[in-house]
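Peer 1: Build me a model:
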Amino acid sequence: MLLRPALELFLDVLRCPLCRTSRLHPERGALRCPAGHGFDIGRHGYAALLAGTRATSGDDAAMVRARNRFLAGGGYAPVRSAVAALAAEPRPERAAVLDVGCGTGHYLAGVLDRLPDAHGLGLDTSARALRSAARAHGRAAAAAWDVFRPFPLADEAVDVVLNVFAPRNPAEFHRVLRPAGRLVVVRPTPRHLGELRRRLTAMPRVDPVKEDRLHRALDPSFEAVATVPVEYVLPLTEALALDLVGMTPGARHLDPAAPVDGRALPREVTVSVLATAYRPR
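Peer 2: Have a look, this model is predicted:
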C-alpha cells in the first residue's frame, strides 16, 4: 500500500506507540521504527497503530453509513462551520491539525477547507469510520488509536486539536499542542435533539452537569478564549430522522429486535451545541 501524502506529512512527529520515542518510517506497506516494530497501512489508507489490537468500537458499518448520509445532507453544517472558524483564529501557517475521535473525518475536512495550507490527522478506534476519514480530504490522514492512551505523537507536535462529540484526554491534548496552539471542543447542551430523546426513551440524556465536569477536566491545563453557541431547528424527513437515530451513540441502546418506526419520529429537532476554543496554560 502506497503511503498517502497526508500521512507522510506527519512522519516527523509520529512516534512508535511501543517505543514512545522512536520515529516511524514507511517500509513495504507499513510504518516501522528502528527497533523493528511495524504497523500496517491498510488498503483503505489508514495506519493501524493500535498494536496487537484491531480498531473497533460501537461505530459499526450501519452507524457509519447513516452518519455519512446525514452529514452529507448538511444537517450539522452550522456546527462544522463553527468548528472551522474557531480552529482558524488566529490563522496558523501550514498548521498541523489533530482530530481526536474523528469519526468519519467530517469536521477535520471542514477545518482543512478553511485552512488551505494545513494538513490533518484523525484518530479513532472504529475501523469503519477510519475508512471514511482516510478519504475525507486530500490533506487528511487517519490512524487507529484509543483516545485514552498516550497519543503516538511527539511533544508540541500540532497547532490545533479538535474534539467534536468525542471522549477527551486533557493531559495528552496539552502535551501534543504547541504553546500557541488551540484546542476546539464541541459538546451537546441538554436541549440537543430533545424532541428525538422524548420519542425514544432508550436514548441517553445529556448529563446536566456536563459543563462543570468539562471545566474541571480542562481548567488546570487550558484557558477558554471563545465559546460559540450553535442552536437551530433542523427539519427532518423520515429518512433523515432514521439516519440521525442510527448515527448517534444512542443507537447502541435501542432494541435491535424492534426496529425504529420512522413515521413515529419527529419532523424537526433542535440542534444545540457549544463550541469552545481553548489555549494552553
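Peer 1: count of neighbours near the spatially closest residue to Asp146 that is not a sequence neighbour?
Peer 2: Counting by CB to CB, 6 or more residues apart in numbering, Asp146 lies nearest to Thr125, which is 5.6 Å off, once chain neighbours are set aside. Backbone N, C-alpha and C define where each C-beta goes, glycine included. Around Thr125 there are 21 other residues, counting by other CB atoms under 10 Å.
Peer 1: any idea of the pLDDT on Thr125?
Peer 2: Thr125 carries a pLDDT value of 92.
Peer 1: That one contacts Ala142, doesn't it?
Peer 2: No: contact criterion CB atoms under 8 Å: Thr125 and Ala142 do not qualify, at 11.5 Å.
Peer 1: Point out where the protein drops to low pLDDT.
Peer 2: For the chain, the stretches with pLDDT under 70 are 1-2, 51-58, 250-259, 261-262.
Peer 1: quick one, helices of the stretch 101-250 of the chain?
Peer 2: Taking DSSP state H, counting those that start in this stretch as the test, the helices found in the stretch 101-250 of the chain are 106-114, 127-133, 170-176, 194-199, 210-218, 238-247.
Peer 1: need these in a markdown table with mean neighbour count and distance to Arg267, can you?
Peer 2: Converted to a markdown table, the helices of the stretch 101-250 of the chain look like this (neighbours: other CB atoms under 10 Å; distance: least, CB to CB, whole Å):
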| stretch | mean neighbour count | distance to Arg267 |
| --- | --- | --- |
| helix 106-114 | 25 | 24 |
| helix 127-133 | 25 | 28 |
| helix 170-176 | 19 | 38 |
| helix 194-199 | 16 | 9 |
| helix 210-218 | 14 | 27 |
| helix 238-247 | 20 | 8 |
